[in-house]
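Colleague: I need the structure of the sequence given here:
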Amino acid sequence: MTLRALILLSTLLVLPWMAMPASAQSCSSGTTATLDFANIAANPTVQTDVTGTLNLTCTGSANQSLKICVFLNAGQDNALSPRVLANGTARLNYQIYSDASRTLVLGPGNNQYYEAQVTLSGGGTATVPIPLYGRVIAGQTGLASGTYTSTMGGRAVTDTNTGRSCNSGNGISQSIQLTASARIGASCTIVANDLAFPSASGLNANINGSSTMQVTCTNNLPYNIKLSGGLSGNAAARLMGLQGNAPGVIQYELFRDSGRSQAWGDSTATQSSGTGNGSAQVLTVYGRIPVQATPPAGDYKDTITATVEY
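Modeller: Have a look, this model is predicted:
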């Protein structure tokens with residue numbers, strides 16, 4: 001009788017312990033953010049403030065706390081103090097700040113950052129809105145009409161050590177991008193001063209007088225100025241009426257030149273033309289009362305409308 005022993009061999013496969021990797025944290029904008037000043041005056045004598053938002057999408061481990069540090073490059077012309085928006089060769093000064101009081105410039109260097117903290121959701125995500133405080137700087141003149149823009153890069157640095165300074169240089173950096181823009185429309189304003197002829201006891205000689213008007217138009221903007229016919233309705237045959245009314249009248253004329261040879265009226269041939277420079281331009285109106293029969297004594301007036309077309 002043969003005996004056989006059945007030996008059961010068992011093996012134990014021992015594998016080295018491997019930890020599951022944690023999700024790497026990061027925050028990115030995904031798309032280019034915008035800061036739009038919309039329409040501003042050609043000569044912004046006062047500052048123009050707007051607020052925008054850079055939305056960051058952050059990912060990492062569930063319920064993870066993160067510090068986010070946002071830095072922003074200078075942009076157009078690499079100018080930071082102040083930043084500039086460009087329209088061809090024209091430049092519009094502006095700035096972007098990290099605080100609502102607009103005292104802390106949001107820039108690329110130390111102490112020029114925006115700091116935020118966030119706790120990710122159970123799914124390891126969060127959306128973080130980063131406010132942008134923009135200001136067009138006051139006191140600028142001579143700006144041409146058009147759209148002014150600047151596109152600038154930057155970085156969002158994400159750090160799991162929420163107590164560490166944004167100046168430390170630690171954390172994971174993601175690129176961001178922002179476009180700032182403003183629009184200046186073509187515009188003109190005009191202010192006319194009264195023309196007062198000197199008093200006279202008779203009209204047996206020409207009587208001359210002059211006045212000025214100020215026209216302010218967007219830089220490089222062509223314009224025309226017309227003067228209406230006033231009481232007579234005819235710029236080629238103007239009349240001043242006694243106390244501003246007919247029938248007592250005095251004939252007079254308005255000119256564009258001191259020699260009083262170029263009539264100033266409301267037709268294409270007699271209008272005054274110029275090109276704006278962004279500042280007030282002073283134009284002189286030359287008046288003349290020609291020789292004529294002397295009417296009854298009194299105060300003679302006419303009302304002329306000055307119109308600027310552009």
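
Colleague: just how off-centre is the helix or strand hosting A38 within its chain?
Modeller: Element membership for A38, per DSSP states H and E: strand 33-40. In terms of C-alpha atoms, centre = their mean, to the nearest Å, the centre of strand 33-40 is set 8 Å apart from its chain centre.

Colleague: now swap in stretch 121-129 and tell me
Modeller: Relative to its parent chain, stretch 121-129 has a centroid offset of 35 Å by C-alpha atoms, centre = their mean.

Colleague: So which bits of it are buried?
Modeller: Residues G124, A126, V128 are the ones in stretch 121-129 that count as buried (16 or more other C-beta atoms under 10 Å). The way it works is simple: take the backbone N, C-alpha and C, and place the C-beta from them, glycine included.

Colleague: out of the residues you listed, who's nearest E309?
Modeller: Among these, V128 lies closest to E309 (C-beta to C-beta), at 51.0 Å.

Colleague: got a list of what the closest residue to the closest one other than its chain neighbours touches?
Modeller: Nearest-residue entry for V128: L56, 4.5 Å, with adjacent residues in sequence omitted and distances by C-beta to C-beta, 6 or more residues apart in numbering. Residues near L56 by C-beta atoms under 8 Å, 6 or more residues apart in numbering: C27, S28, S29, I68, V70, T127, V128, P129, I130, A156, I176.

Colleague: The closest residue to the second one other than its chain neighbours sits in which helix or strand?
Modeller: Meaning S28. Among residues not flanking S28 along the chain, Q174 sits closest, at 4.1 Å (C-beta to C-beta, 6+ apart). Secondary structure from DSSP H and E places Q174 in strand 172-184.

Colleague: N208 now?
Modeller: In this structure, N208 is located in strand 207-217 according to DSSP H and E.

Colleague: hmm, back to that, give the contact list for the residue nearest to S28.
Modeller: For Q174, the contacting residues are S26, C27, S28, S29, R155, A156, V157, T158, by C-beta under 8 Å, 6+ apart.

Colleague: T127 versus the third one, what's the distance?
Modeller: What it means is S28. For S28, the distance to T127 equals 11 Å [C-beta to C-beta, to the nearest Å].

Colleague: Common neighbours of these two, please.
Modeller: Residues within reach of S28 and of T127 at once, by C-beta under 8 Å, 6+ apart, are L56, T57.

Colleague: Adding pLDDT, distance to S201 and neighbour count, write the contacts of Q174 out as a markdown table.
Modeller: A markdown table is the format used below for those (pLDDT from 0 to 100; distance: C-beta to C-beta, whole Å; neighbours: other C-beta atoms under 10 Å):
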| residue | pLDDT | distance to S201 | neighbour count |
| --- | --- | --- | --- |
| S26 | 92 | 91 | 19 |
| C27 | 93 | 86 | 28 |
| S28 | 92 | 86 | 16 |
| S29 | 90 | 80 | 19 |
| R155 | 96 | 82 | 18 |
| A156 | 96 | 83 | 28 |
| V157 | 97 | 86 | 21 |
| T158 | 96 | 89 | 24 |
